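> here is a sequence together with a model predicted from it:
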Amino acid sequence: MSDWHPFDEGRSIGQRGSEDGSILLDEEHPLGSRITLERGGYGPFSITCGINGWMVHTRFFADEAEARNAFEEMKAGLVNILNIIPLASETDAAKEDAVSEALVDFIERFP
């Protein structure tokens, strides 16, 4: 997971996030994913993550420690999906189906 790095060189920390909270953690992966942890807003803590062109998913938490732990677990899950996404030049229905299944599994694992 060492490929994750601060989104916008860390300038988003403390800013308002998509769930109207204050951003505590905000990381991106070069293969096309972003994950953000916020305090406040629509819940005590929230995590919003996405994979470019595939999905956006948000979870809510009452406890910061639980949210931070989930943040790390979700990063690993996102990398697993990123590693199976076909290249834009590929037209492989089987790979696309595998990605769709992995996304469903991710959302079920991290409701």
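Yep, that arrived.
> give me the element the residue positioned nearest the centre of the chain is part of.
Against the mean C-alpha coordinate of the chain, by C-alpha atoms, centre = their mean, the closest residue is Cys49 at 2.5 Å. Following DSSP states H and E, one finds Cys49 within strand 45-51.
> residues in contact with that strand: which ones?
17-19, 21, 32-39, 56-64, 66-67, 70-71, 74, 78, 81-82, 85, 103 (C-beta atoms under 8 Å, 6 or more residues apart in numbering). In this view, the C-beta of every residue, glycine as well, is placed from N, C-alpha and C.
> what subset of the residues you listed is buried?
Buried by 16 or more other C-beta atoms under 10 Å: 17, 19, 21, 33-39, 57, 59, 61, 67, 70-71, 74, 78, 81-82, 85, out of the contacts of strand 45-51.
> so where do the helices sit in this structure?
64-82, 93-109 (DSSP state H).
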